[in-house]
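1. Next comes the sequence, and after it the predicted model I'd like to discuss.
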Amino acid sequence: MTESNRYELMMEVLSELAPEVRAARSTSRPVQPALSEVLRGFLPLPPQALFLGVASDGLPVLLNLADAVPGPMLIAGDPGSGKTALLKMIARGAEQCYRADEVQYGVITENPDDWRAERPSANRVDVFPAREGGSAEFIQSLDEWAHSNRNAGQAVLLLIDGLSAILRMDSDAQQSLRWLLLRGTTRRVWPIVTINARSVPDVRPWASFFHTRLFGKIMAAQDVGDLAGGSRPHLENLQAGSEFMLREGSDWLKFWIPTLD
């Protein structure tokens, strides 16, 4: 059985669980179901699949870490829209689904205390404050690792919580990041980056590196300019903290994220 056929078979099995997940979400509980509860209904995921959330039809939204085509991922939204919550959920999902020798992640953030409050994990390389030299060193080390990577079995998630943080990095680190954004996914390095919708004009040259774009709640559509393409959905109607939209060709996929345990 080919890898493609296995993936399709897993998706058929997961589709049978869609009613159960929809039912879990339709209960009167004030928050979304917990991540571990949701994943129990989907595991085992297809090989090398990264969990991103649950679509409106109850099926999981997955990123295939073995397919470089989607490229790096940009998550745009207003303050409080859930961008950091989505990054944390992705990281925690990777911890629950993969060993450290399969998937690791490192975090660059302007709010390191918020991330360091997360429980320790062998999958996490470290949390790097964006304003300190360690963040630049981490990016450069990932650049070097990607250039020499021969371990087709391991992927590394580069989680940057705030794209504007890169503007304060030195030129060498910025050059390394450009290469990772252009070629990193072909070497199993996956940049997943958040951006405040109001900061888009400040980092527009960088935003153009991202062909896969997710959007949280955004009240003023003009803040993201052409990032959302010509036909913009009603991003202002998304539930802050839990709902996002992903463009798939000319269509839009709405999905929600579980809460952390």
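-> Cool, the structure landed.
2. The spatially most central residue of the chain is in what secondary structure piece?
-> Central residue of the chain (CA atoms, centre = their mean): residue 192, 4.8 Å from the mean position. Here residue 192, judged by DSSP states H and E, is contained in strand 189-196.
3. rewinding a little: test my guess that the residue nearest to the centre of the chain contacts residue 65.
-> No: with contact defined as CB atoms under 8 Å, residue 192 does not count as touching residue 65 (11.2 Å). C-beta: built from backbone N, CA, C; applies to glycine.
4. Could you tell me how many residues sit around the residue nearest to residue 157 when sequence neighbours are not counted?
-> Closest residue to residue 157 apart from its sequence neighbours, by CB to CB, 6 or more residues apart in numbering: residue 105 at 3.7 Å. Close neighbours of residue 105, defined as other CB atoms under 10 Å, add up to 22.
5. what's the distance between residue 120 and residue 92?
-> Separation of residue 120 from residue 92 (CB to CB, to the nearest Å) stands at 12 Å.
6. Neighbour count: the two, which is higher?
-> Neighbour comparison, residue 120 and residue 92: the larger count goes to residue 92, with 21 against 7 (by other CB under 10 Å).
7. Read off the pLDDT value for the more buried one.
-> Note for residue 92: predicted pLDDT of 96.
8. Let's verify it: helix, strand, or coil?
-> Following DSSP: H, G, I helix; E, B strand; the rest coil, residue 92 is assigned to helix.
9. what sits against it?
-> Contacts here follow CB atoms under 8 Å, 6 or more residues apart in numbering; on that basis residue 92 touches 35, 118, 260-261.
10. now the helices: where do they sit in the stretch 101-250 of the chain?
-> All helices of the stretch 101-250 of the chain, identified by DSSP state H, counting those that start in this stretch, fall at 112-116, 133-148, 171-183, 204-207.
11. Tell me which residues are up against the longest one.
-> Applying CB under 8 Å, 6+ apart, the contact partners of helix 133-148 are 106, 108, 125-126, 128-129, 156, 158, 165, 169-170, 172-173, 176-177, 179-180, 183-184, 187-189.
12. again with stretch 226-237
-> Here stretch 226-237 makes contact (CB under 8 Å, 6+ apart) with 74, 76, 200, 207, 213, 215-219, 221, 245, 247, 250, 252, 254.
13. One more: stretch 241-259?
-> 25, 31-35, 37-39, 52-56, 61, 75, 77, 80-82, 85-86, 89, 212-217, 228-229, 231, 233, 235, 238-239.
14. If you count neighbours, what's buried in it?
-> 241-247, 252-259 (16 or more other CB atoms under 10 Å).
15. How about stretch 148-160?
-> 149, 154-160.
16. Could you list which of the residues you listed belong to strands?
-> Among those, the residues falling in strands (DSSP state E) are 155-160.
17. just to revisit the earlier point, closest to residue 96 out of the contacts of stretch 226-237?
-> Closest to residue 96 out of those is residue 216 (22.7 Å), distances taken as CB to CB.
18. got a pLDDT number for the nearest residue to the closest one once chain neighbours are set aside?
-> Nearest residue to residue 216, sequence neighbours excluded (CB to CB, 6+ apart): residue 77, at 2.9 Å. pLDDT for residue 77: 93.
19. Pull up the gap between residue 162 and residue 109, please.
-> Distance from residue 162 to residue 109, by CB to CB: 7 Å.
20. just residue 89 next, same as before
-> When distance is defined by CB to CB, residue 89 is 15 Å away from residue 109.
21. Which two among the contacts of stretch 226-237 are spaced furthest apart?
-> 219 and 250, at 24.2 Å, using CB to CB across the contacts of stretch 226-237.
22. Distance from the chain centre to stretch 36-51, please.
-> With CA atoms, centre = their mean, to the nearest Å as the basis, stretch 36-51 stands 15 Å off its chain's centre.
23. Any idea how far apart the tips of that stretch sit?
-> 12 Å (CA to CA, to the nearest Å).
24. circling back to that earlier point, need the helices of the stretch 101-250 of the chain in CSV with mean pLDDT, can you?
-> Formatted as CSV, the helices of the stretch 101-250 of the chain follow (pLDDT from 0 to 100):
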stretch, mean pLDDT
helix 112-116, 85
helix 133-148, 93
helix 171-183, 94
helix 204-207, 84
